[in-house]
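*Asks:* sequence plus the predicted model coming up.
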Amino acid sequence: MKLIACTALTAIVSATAAFAAGDGTCAAGKTLTEGTLTIATGNPAYYPWVMNDAPESGEGFEAAVAYAIAEKMGFGKNNVTWVRTSFDEAIQPGAKNFDFNMQQYSITPEREEMVDFSLPYYTSAMAVLTTQNVVDAGAQATLDSLKGLKWGAVATTTAIPMLNEVIQPSDEPLLYNDNADVNAAIMAGQIDAALYDLPTALYLSAVVVEGGALLGQFPPDQSESPDQFGLLMEDGSALRECVDAAITELTESGELAAIEAQWLSEATGVPVIK
């Protein structure tokens, strides 16, 4: 993540003071449309991040966090507009049609060369999604067992460095255009497993992937570089200081933790990979 210099920290403090009154002065003149905060999510957006593909309801972890951030910045619910983008479309350099985008974007140095990220709003465990057939065939929650599986992934996600640097499978992972293609490949038996953040993996195993199962998880505290999600913004966004100030306020007040507890209940019964 980019280091925040003293001047940037001072700006965040100033931004915090600006939105404390709730009058929207922090974001004045910095949004795409004056008086409106334009937020992007996926098309579709999935549980538990957005419930029923309806971010405007404020239900689901990212939808709820988005409205909490908006409120801290002085935007009421009626002053928030939602747009949709693909994952890859939003992460490319250039002008954006949103003020910030929430699609479980992991903060990485490579991506920060093209876009700006906020402070993290979530730190995720990584989980291994597979099928019960693979588990019954003898796959276990150990690194040695994972190396022998056939893996699939989307090339632009943080699953690739995790596979290459930590798991190091015997065969090169098969690459797909999006996560829907990865899930289809698992169900078709083209691959044995894929990596997802734990909440998404729980949902996919229960609802999307027929016969789905979770083989194990890599908790954030077991990684030197845990997978942290940030709001994605256009490179050089003037709104970043306001967003960071809002996240800081939500973190320090405990509101962010409360939202996480409501929508991302702690998973049990998923073994730790050793």
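*Replies:* Perfect, I can see it now.
*Asks:* now the helices for the stretch 151-274 of the chain?
*Replies:* Applying DSSP state H, counting those that start in this stretch to the stretch 151-274 of the chain gives helices spanning 159-162, 179-188, 198-203, 240-253, 255-263.
*Asks:* can you name every helix or strand that the third one contacts?
*Replies:* What that stands for is helix 198-203. Counting contacts by 3 or more Cβ pairs under 8 Å, 6 or more residues apart in numbering; DSSP states H and E, helix 198-203 is packed against strand 126-131, strand 212-218. C-beta: built from backbone N, CA, C; applies to glycine.
*Asks:* for the stretch 51-200 of the chain, what are the low-confidence residue spans?
*Replies:* Counting by pLDDT under 70, the stretch 51-200 of the chain shows no low-confidence range.
*Asks:* quick one: the strands in it?
*Replies:* Using DSSP state E, counting those that start in this stretch, the strands of the stretch 51-200 of the chain run over 80-84, 100-101, 115-124, 126-131, 152-154, 174-176, 194-197.
*Asks:* so which of those strands is the most packed in?
*Replies:* When the strands of the stretch 51-200 of the chain are scored by mean count of other Cβ atoms under 10 Å, the highest mean neighbour count falls to strand 100-101 (a mean of 27).
*Asks:* so what's the gap between it and the chain middle?
*Replies:* Using Cα atoms, centre = their mean, to the nearest Å, the mean C-alpha position of strand 100-101 is found 11 Å from that of the whole chain.
*Asks:* and for stretch 247-256?
*Replies:* Relative to its chain's centre, stretch 247-256 lies at 18 Å (Cα atoms, centre = their mean).
*Asks:* check which residues of it are buried.
*Replies:* Neighbour counts over stretch 247-256 (16 or more other Cβ atoms under 10 Å) mark 247-250, 255-256 as buried.
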